[in-house]
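A.B. asks: with the input below, show me the fold.
(2 chains)
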Amino acid sequence: MAERSPATRRMLWLVLSLVFAFLYIPIAVLVALSFNEGGLPTAWSGFSLKWYVSLAGNSAILSAALNTLIVALVSTAIATLLGTLLAIGVEMRRQYGKGLEALIFAPMIIPDIVLAIALLSFFSMLNLTMGLHTIILAHVVFNLAFVCSVVRARLKSFDWSIVEASTDLGASAITTFRRITLPVIAPAVIAGALLAFTLSVDEFIIAFFTAGAGRASTTLPMQIYAMIRFGITPEINALATIVMAVSVTALTLSQRLNRGITGQ
Amino acid sequence: MRYVPSRSSLLMAPALAWLAALMVVPCALVLALAFFRRGIYGGIDYTFTLENFGQVFDPLYAGIFLNSARIAGTATLIAVVIGYAAAYAIAAAPRRWQPVFLFFAVLPFWSNYLIRTYAWIVLLNREGLITQLLRWVGYTGEPPSMLYTEGAVIAGLVYNYLPFVILACYAPLSRLNPELAEASRDLGASAMTTFRRVILPLTVPGIAAGAVFVFVLSIGNFVTPALLGGGRFQMIGNLVYDQFLTANDWPFGAALAMALIAIMLLVLMAQAIAANRASGRIAEAEGNANG
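C.D. replies: You can find the predicted model right below:
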């Protein structure tokens, strides 16, 4: 870009600092308060881990965390398999219709609340008892779309002639997939799976609508929502800090893998 | 392998079947639901009616639609202004720092939405951080009521969706051909004119993508109005939620959801048109710059 005057440069740095302050101060306050002995924003009364200890003794939170883990792991596993196959199937075609593209794209842009009520109506019409299994069915819908888009991005630069060469040399389709295609797309598959896992761990609205009655299938975001509605407690600060640390770690990893493969 | 359509179909089949059974069919079901009557005891009476769509235009509900559009529109405008400024500043930073800045701008977006919204309750509540800061600088009056206001809802929406706007605006800004701006300056245009006539038009696709994203997610939002608006500022999302979980009028809830989808499709179409026009402009500008 053109040379900038010192005044313009100062202005740009000011904009950056203000935006980063806006983005990070709310989170930083939350994290800091989770370590505050008194737990309240009114005064800093010393560093303490007592809110984390009290979390560990909260059975409602622990069971919600376990539910979330089950939902996230199972839905990620299914979505990674289906999404990867879908990506390969789509990309190996020379051309595909706009309809197919729209169908694969839809789960990513459809408002959560619409998918949530659609699934609630569907499950209740089938007289299906709702619980963790229905949340898993629902989470696979958007998770597989995200896995598919990550893997497809990788396959865009894939040289399909290697696959043909492998087939010409007598390798079976399975061998070709295992020895050629999979090693190339593996980082994207793992990145997609990590993304799906995080999306599932954080997803609230669809889980809320498809969990059914009763507390047995409460997930962590549902538990957090209920706690927030009751008011601010120091435990939420501690829980929030842990949840943020987990998703940020998973997504940073996913991002690194993705960057590694695209070489950016 | 690439040329075997049957194999491609086989690979796509499980995922497409999943999407058909758990997205297409349920959404079609909601669309159908919108044409039925609510049963006397809250169930569904399977007689055809258009009443639900009529009810969407009832002044009470139309008012909520307009309110949602206003709140979402304000949030979009603020997010685009801040996001564009941030993206511009990142694109102007030294090359090797740009990915780092971009990464940290998007990082908050990856943490839990509920938690990011909750952080604003901590900041804005009567005994929250902002009140503490005011006290600290000597303010002694009543704590200001900031939570459960429309402003709080807008702040929450802007905060949650800003990272995406930064990302969307950064892409065209970083690809901008610097010679175009230089040419404009050499021909005597002021910095402001160069920005308005050269840079801004060429980065419209990014702005449009970011704006659409914020608007669509804001107008259908129900968590932020519920938590930061304290239930006092109903938006379409809250209305749909109420019809399904409290009022038990599923057909009307379904009609509202379809109206939401219709708005979303309209906005996406507008974006496609804006992006199309801009891409023509970009091709022309690049052609002129290179020719």
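A.B. asks: other SSEs contacting the longest helix along chain A?
C.D. replies: Across chain A, the longest stretch assigned as helix under DSSP state H is helix A:59-91. Using 3 or more CB pairs under 8 Å, 6 or more residues apart in numbering or on different chains; DSSP states H and E, the elements in contact with helix A:59-91 are helix A:98-109, helix A:132-155, helix A:182-202, helix A:220-230, helix B:5-19. Glycine gets a C-beta too; all of them are placed from N, C-alpha and C.
A.B. asks: dump those helices into TSV; add mean pLDDT and distance to residue A:213 as well.
C.D. replies: TSV is the format used below for the helices and strands packed on helix A:59-91 (pLDDT from 0 to 100; distance: least, CB to CB, whole Å):
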stretch	mean pLDDT	distance to residue A:213
helix A:98-109	89	26
helix A:132-155	95	12
helix A:182-202	92	22
helix A:220-230	90	13
helix B:5-19	91	26
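A.B. asks: format these as CSV; extra columns: mean neighbour count and distance to residue A:59.
C.D. replies: As requested, the helices and strands packed on helix A:59-91 are exported to CSV (neighbours: other CB atoms under 10 Å in any protein chain shown; distance: least, CB to CB, whole Å):
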stretch, mean neighbour count, distance to residue A:59
helix A:98-109, 14, 34
helix A:132-155, 24, 17
helix A:182-202, 22, 20
helix A:220-230, 19, 11
helix B:5-19, 17, 34
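A.B. asks: tell me which of these lies nearest to residue B:115.
C.D. replies: helix A:220-230 (7.0 Å; CB to CB).
A.B. asks: ok, residue B:39 - contacts?
C.D. replies: With contact set as CB atoms under 8 Å, 6 or more residues apart in numbering or on different chains, residue B:39 has these partners: residue B:45.
A.B. asks: just residue A:192 next, same as before
C.D. replies: A:80, A:83-84, A:146-151, A:254.
A.B. asks: where along the stretch 101-250 of chain B do the strands fall?
C.D. replies: Here the stretch 101-250 of chain B has no strands by DSSP state E, counting those that start in this stretch.
A.B. asks: quick revisit: tell me which of the helices and strands packed on helix A:59-91 approaches residue B:113 most closely.
C.D. replies: Closest among these, using CB to CB: helix A:182-202, at 6.6 Å.
A.B. asks: looking at the contacts of residue A:192, which is nearest residue A:174?
C.D. replies: Distances from residue A:174 to the contacts of residue A:192, taken by CB to CB, are shortest for residue A:84, at 14.8 Å.
A.B. asks: quick one: contacts of stretch A:143-155?
C.D. replies: Against stretch A:143-155 from outside (CB under 8 Å, 6+ apart): A:75-76, A:78-80, A:82-84, A:86-88, A:90-91, A:104-108, A:184-185, A:187-189, A:191-193, A:195-196, A:199-200, A:258, A:261-262, B:15, B:18-19.
A.B. asks: is residue B:90 in contact with residue B:103, as I believe?
C.D. replies: No. Taking CB atoms under 8 Å as the definition, residue B:90 is not a contact partner of residue B:103, at 10.4 Å.
A.B. asks: those two: who's more crowded?
C.D. replies: Each of residue B:90 and residue B:103 has its neighbours counted (other CB atoms under 10 Å in any protein chain shown); residue B:90 has more, 26 against 12.
A.B. asks: what residues does stretch B:127-145 touch?
C.D. replies: With contact meaning CB under 8 Å, 6+ apart, stretch B:127-145 is reached by A:29, A:40-42, B:121-126, B:146-147.
A.B. asks: in it, what's buried?
C.D. replies: B:128-131 (16 or more other CB atoms under 10 Å in any protein chain shown).
A.B. asks: how about those residues, which pair is most distant?
C.D. replies: Most distant of the buried residues of stretch B:127-145, by CB to CB, are B:129 and B:131, 7.3 Å apart.
A.B. asks: quick one on the thing from earlier: for PyMOL, write the select line for the buried members of the contacts of stretch B:127-145.
C.D. replies: Here is the PyMOL command that selects the buried residues among those (16+ other CB under 10 Å):
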select buried, (chain A and resi 29+41) or (chain B and resi 121+122+123+124+125+146+147)
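A.B. asks: residue A:121: which of the contacts of stretch B:127-145 is nearest?
C.D. replies: residue B:121 (31.8 Å).
A.B. asks: isn't the closest one up against residue B:146?
C.D. replies: No. Using CB under 8 Å as the test, residue B:121 is too far from residue B:146 to be in contact (10.2 Å).
A.B. asks: relative to residue B:112, how far out is the residue of the stretch 51-200 of chain B found nearest chain A?
C.D. replies: For the stretch 51-200 of chain B and chain A, the shortest gap (CB to the nearest CB) falls at residue B:119, measuring 3.7 Å. Using CB to CB, to the nearest Å, residue B:119 is found at 10 Å from residue B:112.
A.B. asks: residue B:273: neighbour count?
C.D. replies: Based on other CB under 10 Å, the number of other residues close to residue B:273 is 11.
A.B. asks: element containing it?
C.D. replies: Using DSSP states H and E, residue B:273 falls within helix B:250-290.
A.B. asks: give me every residue that touches the residue nearest to the residue of the stretch 51-200 of chain B closest to chain A when sequence neighbours are not counted.
C.D. replies: Distances taken as CB to CB, 6 or more residues apart in numbering or on different chains put residue A:26 closest to residue B:119, at 3.7 Å, once the chain neighbours are dropped. For residue A:26, the contact set (CB under 8 Å, 6+ apart) comprises B:116, B:119-120, B:122-123, B:159.
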